[in-house]
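In: One predicted model, sequence on top.
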Amino acid sequence: MFKNPSAFFYAVLVHAILLAVLTVSLDWETDTEIPKPQVQIVKAVSVDEAKVQAQLDKLKKAEQDRLRKEQERQKKLEKEADAAKKKREQEEKRLAELEKQRQQEKQKLEQEKKRKQEELALLEKQKLEKEKKRLAEEKKLQDTQKQREATEKKRREEEQRLAKAREEKKRLDEEARQRKIAEEKRAKAEAEKLRREEEEKQRAAEMEREMLAMREAEMAAEEAKLTEERERQAQSTILQYIALIQDKVQRNWSKPTNAKPGLSCEVFVQLIPSGDVLNVKITKSSGDEFFDRSVETAVRKAQPLPVPPDPSLFERFRDVRFIFKPEE
């Protein structure tokens, strides 16, 4: 359905983040657990719309840059694929031309062989006719010398038979030797062909393994980059929600009578997904018990506290620790 599922996923992810920014003035997205952040002394302030817009513009630009790079990578891959296709088509054309030339050469050789066979047949026929004529003339002469030459003829015929047998044996032995040589050549050629095919298969398999390793490395690098970005966004979101909690506690805090200026304390709060407070305690006292108790009261009064709507992000936000230092 989509040429680039990862690009579609990233686009959906960015739009989801933008919607979250417009709704609650923050960015968030992560599934990875990390150690709970140690928040330093932060001065609670309200959300600045200009900063939100700047952050939104920054996200838009980052997404545009990523989409541009993805398009450039896709174009590069398509260009490489086209080049490989053209090279393969040229090689197929060259092989087809070689096959055509081989067939033409084979046909030419077969025609030449047929012509020579016809010439040999004609010569053999002429030879036989000439031999027949000679034998007829010889027979005519032999008719008058039949008795005298009978013994000589028998001797010659026996010698010819033996010579012919020797020649026939020699011919058969040579044919057997040639057949053996041809069979050995054929077996050797077949073995060489199988060896080359096996080498080609091994080269192809090695190339496939290398390409797979490259793709896996690219995917791992991309995943690491996305994980780092999600962690950065999650950390930013957590800090923003802590600032929102500090701000809400500040607004629900009543300064105790005779409280000294510049007091601060470290507050630990346990939350549930609704933002309600399960437990609150002062982990680092201001030195003023009334001030500390007023902060605990302000935390409970401010509930439900602002919490990230994403369940996975909330798991890292369930136990919150922050410095409460009211504005004078």
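Out: All right, it came through fine.

In: What backbone torsions are found at the residue nearest to the spatial centre of the chain?
Out: Geometric centre of the chain, nearest residue: residue 215, 3.7 Å, by CA atoms, centre = their mean. Dihedral pair for residue 215: phi -60, psi -40, per degrees, to the nearest 10.

In: so who does it touch?
Out: By CB atoms under 8 Å, 6 or more residues apart in numbering, residue 215 lies in contact with nothing. Heads up, the C-betas are built off the backbone N, CA and C, glycines and all.

In: how near is it to residue 221?
Out: In this view, residue 215 and residue 221 are 11 Å apart by CB to CB, to the nearest Å.

In: Could you do residue 111 as well?
Out: Note on residue 111: its distance to residue 221, by CB to CB, is 64 Å.

In: element containing the residue of the chain most remote from its centre?
Out: Going by CA atoms, centre = their mean, the residue of the chain most distant from its centre is residue 144, 99.1 Å out. Secondary structure from DSSP states H and E places residue 144 in helix 49-251.

In: can you pull the buried residues of whichever helix or strand comes after that helix?
Out: Following helix 49-251 in sequence order, the next helix or strand is strand 265-271 (DSSP H and E). By neighbour count with 16 or more other CB atoms under 10 Å, strand 265-271 contains the buried residues 265-267, 269, 271.

In: and strand 265-271 with helix 49-251, angle?
Out: For strand 265-271 against helix 49-251, the angle by axes from the mean of the first three to the mean of the last three CA atoms, to 10 degrees is 100 degrees.

In: Which residues does strand 265-271 contact?
Out: Strand 265-271 has contacts (CB under 8 Å, 6+ apart) with 245, 249, 277-286, 291-292, 295-296, 299, 305, 307, 314, 317-324.

In: and the following helix or strand past it with strand 265-271, angle?
Out: Counting by DSSP H and E, the element after strand 265-271 in chain order, helix or strand, is strand 277-284. Angle of strand 277-284 versus strand 265-271, following the same axes, to 10 degrees, is 160 degrees.

In: C-terminal to strand 277-284, what's the next element?
Out: Counting by DSSP H and E, the next helix or strand C-terminal to strand 277-284 is helix 289-302.

In: and that following helix, how far out from the chain's middle?
Out: 58 Å (CA atoms, centre = their mean, to the nearest Å).
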